[in-house]
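Novice: Any chance you could fold what I've pasted below:
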Amino acid sequence: MKNKKTLVLGASTKPARYAFMAIEKLVEKGHSVLAIGQNAGEVAGIKIQTKAIPLKKIDTVTLYLNPTRQRDYYNYIVEAQPKRVIFNPGTENPEFYQLLKLNDIKVEIACTLVMLATNQY
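Specialist: The predicted structure is shown next:
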């Protein structure tokens, strides 16, 4: 499987959170991971940043932010030009889908954890 450099947006240090589990599984499957969250910390050896970081050659952005909180990152994500953005359950955002599609970025309404577990990532 190809390493897909992934940004987890809405990362958390709380083990019960899906963003936490996604970081663990991405690392376990051999993907390069960047993480941005409200609180600094570390998950599976990945440092969680609290501010936008420079993104180069990013394959995937996986979202764990509600639609209102996503607005702050619209330009950031579009400018990074990832191949795709995964909208995990609870992050669905038709407004953002349109913006991404206009910029030739693939929209996936899916669950990162299920995709990883079923080798569809």
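
Novice: just so I have it, where are all the strands in the chain?
Specialist: Applying DSSP state E to the chain gives strands spanning 6-11, 33-37, 41-43, 46-49, 60-63, 84-87, 106-109.

Novice: burial measure for the closest residue to Val107 other than its chain neighbours, as a count.
Specialist: Using Cβ to Cβ, 6 or more residues apart in numbering and skipping the chain neighbours, the partner closest in space to Val107 is Tyr97 (4.8 Å). Glycine gets a C-beta too; all of them are placed from N, C-alpha and C. The number of residues packed near Tyr97 is 15, by other Cβ atoms under 10 Å.

Novice: so Tyr97 makes contact with Glu108?
Specialist: No: the criterion here is Cβ atoms under 8 Å, and Tyr97 misses it with Glu108 at 10.1 Å.

Novice: any common contacting residues for these two?
Specialist: Residues touching both Tyr97 and Glu108 (Cβ atoms under 8 Å, 6 or more residues apart in numbering): Phe87.

Novice: Counting neighbours, what do you get for the closest residue to Ile77 other than its chain neighbours?
Specialist: Of all residues not flanking Ile77 in the chain, Val61 sits nearest, at 5.5 Å (Cβ to Cβ, 6+ apart). Residues lying near Val61 (other Cβ under 10 Å) number 24.
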